[in-house]
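Q: the following comprises the amino acid sequence and a computationally predicted model.
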Amino acid sequence: MDIPSLATLKKDLGYLSEQEIKDLLIELIKFSRDNKAYLFFKLYERDQPGLFVEMVKEDLLVEFEKARVEHGYYAKKSAQSIRRKMNKLLKLSKSKSDQAEVILFFCEKIKEMGFLKHRNSVIKNLYEIQKGKVEKLVSGLHEDLQYDFQFRLEEL
């Protein structure tokens, strides 16, 4: 089965009525939780700009609280699991500053919760890679935002 190009789909959507487009959106939302989350953030980000960051931080905080840090193996698995969830959530935002904020939050929690005390190479590499991502994201931001993020990066 050949799926048409995005341009073809856009053109075909132009022929539909407003009600038909709404019905299609509702069907699309029902397919996955990710679609529902993406639409939710797109609808409400104009009214509440920090909504995405706050909700993602809350989700990650819950995951950090459930994490088992007492043993190196479990700490590694928990950190990897939290990182996977974070990366999945980061796909919902195209804003570089929001992404940098979330990844910085992740790094701060990894350090604060004691994941790094195990001297596990996987956790250390995961932490360093995320710091590198933040540095790369911050370098493309406005100078004022760069200053704020650089200060937090230096604390890490």
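A: Yep, it's here.
Q: counting contacts, what elements does the helix or strand of the chain with the lowest mean pLDDT pack onto?
A: Least confident helix or strand, the chain: helix 143-155 with a mean of 81, by mean pLDDT, DSSP states H and E. When contacts are defined as 3 or more C-beta pairs under 8 Å, 6 or more residues apart in numbering; DSSP states H and E, helix 143-155 packs onto helix 96-113, helix 121-139. Using the backbone N, CA and C atoms, a C-beta is placed for each residue, glycine as well.
Q: what's E70 sitting at in phi/psi?
A: For E70, the backbone dihedrals (degrees, to the nearest 10) come out as phi -70, psi -20.
Q: for it, give its distance to R152.
A: With distances taken as C-beta to C-beta, to the nearest Å, E70 is found 28 Å from R152.
Q: deepest of the helices and strands packed on helix 143-155, which one?
A: Ranked by mean neighbour count, the helices and strands packed on helix 143-155 are led by helix 96-113 with a mean of 20 (mean count of other C-beta atoms under 10 Å).
Q: as TSV, the helices and strands packed on helix 143-155 with distance to I29 would be great.
A: Listed next are those as TSV, based on distance: least, C-beta to C-beta, whole Å:
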stretch	distance to I29
helix 96-113	22
helix 121-139	29
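Q: E18: which of those helices is closest?
A: Nearest to E18, of all these, is helix 96-113, at 30.1 Å by C-beta to C-beta.
Q: restrict that closest one to CA atoms and write it as PDB.
A: Extracted in PDB, the C-alpha atoms of helix 96-113 (Å, rounded to 0.1, in the frame of the first residue of the first chain):
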ATOM      1  CA  LYS A  96      14.500  24.700  21.900                       C
ATOM      2  CA  SER A  97      14.200  26.600  25.200                       C
ATOM      3  CA  ASP A  98      11.500  24.200  26.400                       C
ATOM      4  CA  GLN A  99      13.600  21.200  25.400                       C
ATOM      5  CA  ALA A 100      16.700  22.600  27.100                       C
ATOM      6  CA  GLU A 101      14.700  23.300  30.300                       C
ATOM      7  CA  VAL A 102      13.400  19.700  30.500                       C
ATOM      8  CA  ILE A 103      16.800  18.200  29.800                       C
ATOM      9  CA  LEU A 104      18.400  20.500  32.400                       C
ATOM     10  CA  PHE A 105      15.700  19.400  34.900                       C
ATOM     11  CA  PHE A 106      16.500  15.800  34.200                       C
ATOM     12  CA  CYS A 107      20.300  16.300  34.700                       C
ATOM     13  CA  GLU A 108      19.700  18.200  37.900                       C
ATOM     14  CA  LYS A 109      17.500  15.400  39.300                       C
ATOM     15  CA  ILE A 110      20.000  12.700  38.300                       C
ATOM     16  CA  LYS A 111      22.600  14.600  40.300                       C
ATOM     17  CA  GLU A 112      20.300  15.500  43.200                       C
ATOM     18  CA  MET A 113      18.800  12.000  43.600                       C
END
